[in-house]
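S.K.: generate a structure from the sequence data that follows.
(2 chains)
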Amino acid sequence: MTSTLSGIAASTGIAIAKAFRLENPELTVKQQQVNNPSDEIVRFDAAVAQAAAELEVIKEKTAHQISDKEAEIFGAHLLVLSDPELIGPIKERITSDSINAEFALQETSDMFITMFEAMDNEYMKERAADIKDVRKRLLSHLLGVKIQDPSKIDEEVIVIAEDLTPSDTVQLNAQFVKGFITDIGGRTSHSAILARTLEIPAVVGAQNAMATIRNGQTVIIDGLQGTIIVDPDEATISEFEQQKIAYDSQKAEWAKLKDEPTLSADGQHVELAANIGTPKDLAGVLEHGAEGIGLYRTEFLYMGRDAFPTEDEQFDAYSKVLKGMQGKPTVVRTLDIGGDKELTYLDLPKELNPFLGLRAIRLCLEMPDLFRTQLRALLRASVYGNLKIMFPMIATVEEFRQGKVMLEEEKAKLLDVGIPVSDSIEVGIMVEIPSTAVMADVFAKEVDFFSIGTNDLIQYTMAADRMNERVSYLYQPFNPAILRLVKMVIDAAHKEGKWAGMCGEMAGDEIAIPILLGLGLDEFSMSASSVLKARAQISRLSKQEMASHTDQILALSTSQEVESYVKEIS
Amino acid sequence: MVEKQYTITDEAGIHARPASALVGSISKFESDITLGFNGKQVNLKSILGVMSLGIASGSTVTIAANGTDEEQAMAKIDEVLKAEGISNQ
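M.R.: Okay, here's the model as predicted:
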């Protein structure tokens, strides 16, 4: 009989194979009196030494077969084995109470496990699993119980377990283990993270898998949805086989594109970049093969705290990002605060129309100390990579000039005191106010680049608050009015030999991409996870052919007509 | 005894990897070394002790070393904190 279970989708992909139950060994600990505590300590030390030797081997193997990063977890396990606050008290209890090593270990480690499990932080809670893992290894040596060795699996299986310890997980041979299911655990548990590294599907927190699934039963695991099908019928199996083929081929196509430049079908290059909020987002940028950062929103540095970040704090964040990008273009947007984004420690008068009020560059020019601090941090960081500075919400040429003058002044001051600053920093603007789009030809003579911020450009062009659901129908990225403005900006940039990018939602949109490619957009900046999909799409589109449709698209009357037209041609 | 205060700048706070590097690098020193945070004090040679404090980014901690090699221990700690990006001051 087919049954379905569900859990947390921890690692994507689909697998179909026989179930292999990884049973927990019987490691029951009883309290016993010992006659000679010093012999007991010798026995305990021997178990510690055996466990440490085992961990050294696993650590080596992991570093070799998976990665140094994964091996670090066993470095931490080794430190637990030699932790004076764990080992010391265990030995003291053996001596003072004349009890067996197993019981002393159980009691002392329980104290730490309880402490970590009680912490209100998902990451720290997971550390309890590491202590349990070390304890299990020690107990198996003390009790002489053999632990089932997952590295011995030699046929294609899906592993079912109550929980997988970190050491179980790294010993799973990805050649035979097609996926795994655990009853407990979450997306951040070590086994879930490792499954993603090994790229095998996993469902965790399934609760009843051990109670339901028997050895050898056929199991389908859908790591996209977090579902498990036990004993599926033929039709279900073939349906999932199809899905698996589709998923695997798409993944293979995307993976091939990761380190490739973005080229259209007719060989034209465009840059696909990612939007980030903090240095933590860097990993995703590199993982998804982005060619640069098109928008680093610096306001996150200012939020969730009770005072302005210092110049040094900002310098740290900016230089971290620039170093991480290893010379790839990195567009940093200066502070965009005000409007709907408030800072608790900056008391600004309430405004009737915050989106039309004192925000972004307007606020920065009003509070020059705040702005100059950020500019200095950016200038100091500039030597670590390919920095481009972008001012948000520019409405007039004077605003840009004022910002640029402050930047030049800060640069001169730094150079005067011998602090190095890159001499190839491009300075550009966000185009999100219609006046700026209309005047793009004039701006293009002074700025180094444009980046079109579509969310605000649409809101201001259509005069429709994007937070107001009752006018949400006016949020129309494909309205020819928007597209004509976009064209004006791109053409103006090219006429002066400058480049134009886009960093709103629209840049990663499937319908928008063919239009933007045809309009000649140079840089598309989107969430990192959209990059590979966009690169695959662009590789199938001819830029020249898309450009031949531009006049017709811009002559259409409605957003709806544009959407239908694009679906037709791409 | 030598004592020094540090502000934790690693965004993830003191998590397993940097904590391991720190604890691993000082085990060879003879001095007693403590880590104080939020009114609690733990043995800096104990990975479980260090982790149990759950030190978040932006926190200020006090590290104290006491013993024959306290100066060398403190220099090492300084070096590891910087190299691991745990603290930059």
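
S.K.: any idea what sits nearest whichever residue of chain A sits closest to chain B, other than its immediate chain neighbours?
M.R.: At 3.8 Å from chain B, A:Glu85 is the closest residue in chain A, using C-beta to the nearest C-beta. Yep, even glycine has a C-beta here, placed from its N, CA and C like the rest. Distance criterion C-beta to C-beta, 6 or more residues apart in numbering or on different chains; nearest residue to A:Glu85, sequence neighbours excluded, is B:Ser46 at 3.8 Å.

S.K.: show me what counts as buried in stretch A:351-365.
M.R.: By neighbour count on 16 or more other C-beta atoms under 10 Å in any protein chain shown, the buried set for stretch A:351-365 is A:Phe355, A:Leu358, A:Arg359, A:Ala360, A:Ile361, A:Arg362, A:Leu363, A:Cys364, A:Leu365.

S.K.: in a markdown table: those residues, plus pLDDT, distance to A:Lys404 and secondary structure.
M.R.: Formatted as a markdown table, these follow (pLDDT from 0 to 100; distance: C-beta to C-beta, whole Å; DSSP: H, G, I helix; E, B strand; the rest coil):
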| residue | pLDDT | distance to A:Lys404 | secondary structure |
| --- | --- | --- | --- |
| A:Phe355 | 87 | 25 | helix |
| A:Leu358 | 92 | 20 | coil |
| A:Arg359 | 92 | 19 | coil |
| A:Ala360 | 95 | 15 | helix |
| A:Ile361 | 96 | 11 | helix |
| A:Arg362 | 96 | 16 | helix |
| A:Leu363 | 95 | 17 | helix |
| A:Cys364 | 96 | 12 | helix |
| A:Leu365 | 96 | 11 | helix |
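
S.K.: same list (the residues you listed) but as JSON lines, adding distance to chain B.
M.R.: Below are those laid out as JSON lines (distance: C-beta to the nearest C-beta, whole Å):
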{"residue": "A:Phe355", "distance to chain B": "31"}
{"residue": "A:Leu358", "distance to chain B": "29"}
{"residue": "A:Arg359", "distance to chain B": "27"}
{"residue": "A:Ala360", "distance to chain B": "25"}
{"residue": "A:Ile361", "distance to chain B": "27"}
{"residue": "A:Arg362", "distance to chain B": "30"}
{"residue": "A:Leu363", "distance to chain B": "25"}
{"residue": "A:Cys364", "distance to chain B": "25"}
{"residue": "A:Leu365", "distance to chain B": "30"}
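
S.K.: average pLDDT for stretch A:438-456?
M.R.: Taken as a whole, stretch A:438-456 carries a mean pLDDT of 97.

S.K.: need phi/psi at the closest residue to chain A within chain B.
M.R.: Of chain B, the residue with the smallest distance to chain A, taken as C-beta to the nearest C-beta, is B:Ser46 at 3.8 Å. B:Ser46 adopts backbone torsions of phi -110, psi 110, taken as degrees, to the nearest 10.

S.K.: A:Ala17 now?
M.R.: The phi/psi pair for A:Ala17 (degrees, to the nearest 10) is phi -170, psi 180.

S.K.: list the contacts of it.
M.R.: Applying C-beta atoms under 8 Å, 6 or more residues apart in numbering or on different chains, we find A:Ala17 in contact with A:Glu156, A:Val157, A:Ile158, A:Lys178, A:Gly179, A:Thr218, A:Val219.

S.K.: the residue nearest to A:Glu85 reaches A:Pro84, doesn't it?
M.R.: Yes: B:Ser46 is within contact range of A:Pro84, at 5.7 Å (criterion: C-beta atoms under 8 Å).

S.K.: A:Gln171 touches A:Ile58, doesn't it?
M.R.: Yes: contact criterion C-beta under 8 Å: A:Gln171 and A:Ile58 qualify, at 7.1 Å.

S.K.: which neighbours do these two share?
M.R.: By C-beta under 8 Å, 6+ apart, no residue touches both A:Gln171 and A:Ile58.

S.K.: which residues in the stretch 151-300 of chain A form strands?
M.R.: A:157-161, A:177-182, A:202-204, A:218-222, A:227-230, A:262-263, A:269-276, A:293-297 (DSSP state E, counting those that start in this stretch).

S.K.: oh sorry, the question was meant for chain B
M.R.: B:2-7, B:32-37, B:40-43, B:60-66 (DSSP state E).

S.K.: and the average pLDDT for the helix or strand that contains A:Asp133 is what?
M.R.: Element membership of A:Asp133 [criterion: DSSP states H and E] is helix A:122-143. Average pLDDT, helix A:122-143: 87.

S.K.: likewise stretch A:407-414?
M.R.: Computed over stretch A:407-414, the average pLDDT equals 97.

S.K.: check stretch B:14-28 too.
M.R.: Mean per-residue pLDDT for stretch B:14-28: 85.

S.K.: please apply the same query to stretch A:31-43.
M.R.: 94.

S.K.: which parts of that stretch are buried?
M.R.: Buried, per 16+ other C-beta under 10 Å, within stretch A:31-43: A:Val34, A:Pro37, A:Glu40, A:Ile41, A:Arg43.

S.K.: pull the number of nearby residues for A:Ile475.
M.R.: One correction, residue A:475 is Tyr, not Ile. A:Tyr475 has 18 neighbours, counted by other C-beta atoms under 10 Å in any protein chain shown.

S.K.: how about A:Glu23?
M.R.: Under the criterion other C-beta under 10 Å, the count of neighbours that A:Glu23 has is 12.

S.K.: ok, and the closest non-adjacent residue to it?
M.R.: In space, A:Glu23 is closest to A:Gln148, 6.1 Å off (C-beta to C-beta, 6+ apart).

S.K.: and the one you found, what does it touch?
M.R.: Contacts of A:Gln148 by C-beta under 8 Å, 6+ apart are A:Leu22, A:Glu23, A:Pro25.

S.K.: per-residue confidence at the first one?
M.R.: Listed pLDDT for A:Leu22 reads 90.

S.K.: count of neighbours near it?
M.R.: So A:Leu22, with other C-beta under 10 Å, has 21 neighbours.

S.K.: same question, the last one
M.R.: Counted by other C-beta under 10 Å, the residues lying close to A:Pro25 total 13.

S.K.: helix/strand/coil for it?
M.R.: coil (DSSP: H, G, I helix; E, B strand; the rest coil).

S.K.: isn't it right up against A:Arg137?
M.R.: No: applying C-beta under 8 Å as the test, A:Pro25 and A:Arg137 come out as separate, 10.8 Å apart.

S.K.: tell me, how many neighbours does the nearest residue to B:Gln72 once chain neighbours are set aside end up with?
M.R.: Distances taken as C-beta to C-beta, 6+ apart place B:Phe29 nearest to B:Gln72, at 6.9 Å, with adjacent residues excluded. By the criterion of other C-beta under 10 Å, B:Phe29 has 20 neighbours.

S.K.: quick one: residues contacting B:Phe29.
M.R.: B:Ala65, B:Gly67, B:Asp69, B:Gln72, B:Ala73, B:Lys76.

S.K.: and these, which are buried?
M.R.: B:Ala65, B:Gln72, B:Ala73, B:Lys76.

S.K.: state the distance spanning the first to the last residue of stretch B:27-34.
M.R.: End-to-end distance of stretch B:27-34 (C-alpha to C-alpha, to the nearest Å): 12 Å.

S.K.: buried residues, that stretch. List them.
M.R.: B:Phe29, B:Ser31, B:Ile33, B:Thr34.

S.K.: swap in stretch A:547-554?
M.R.: A:His549, A:Thr550, A:Ile553, A:Leu554.

S.K.: from the chain's centroid, how far away is that stretch?
M.R.: 36 Å (C-alpha atoms, centre = their mean, to the nearest Å).

S.K.: so what touches it?
M.R.: By C-beta under 8 Å, 6+ apart, the residues outside stretch A:547-554 that reach it are A:480, A:483-484, A:487, A:515, A:517-520, A:562, A:565-566, A:569.

S.K.: most tightly surrounded among the strands of the stretch 151-300 of chain A?
M.R.: Ranked by average neighbour count under the criterion mean count of other C-beta atoms under 10 Å in any protein chain shown, those are headed by strand A:202-204 at a mean of 30.

S.K.: alright, that wraps it up for me.
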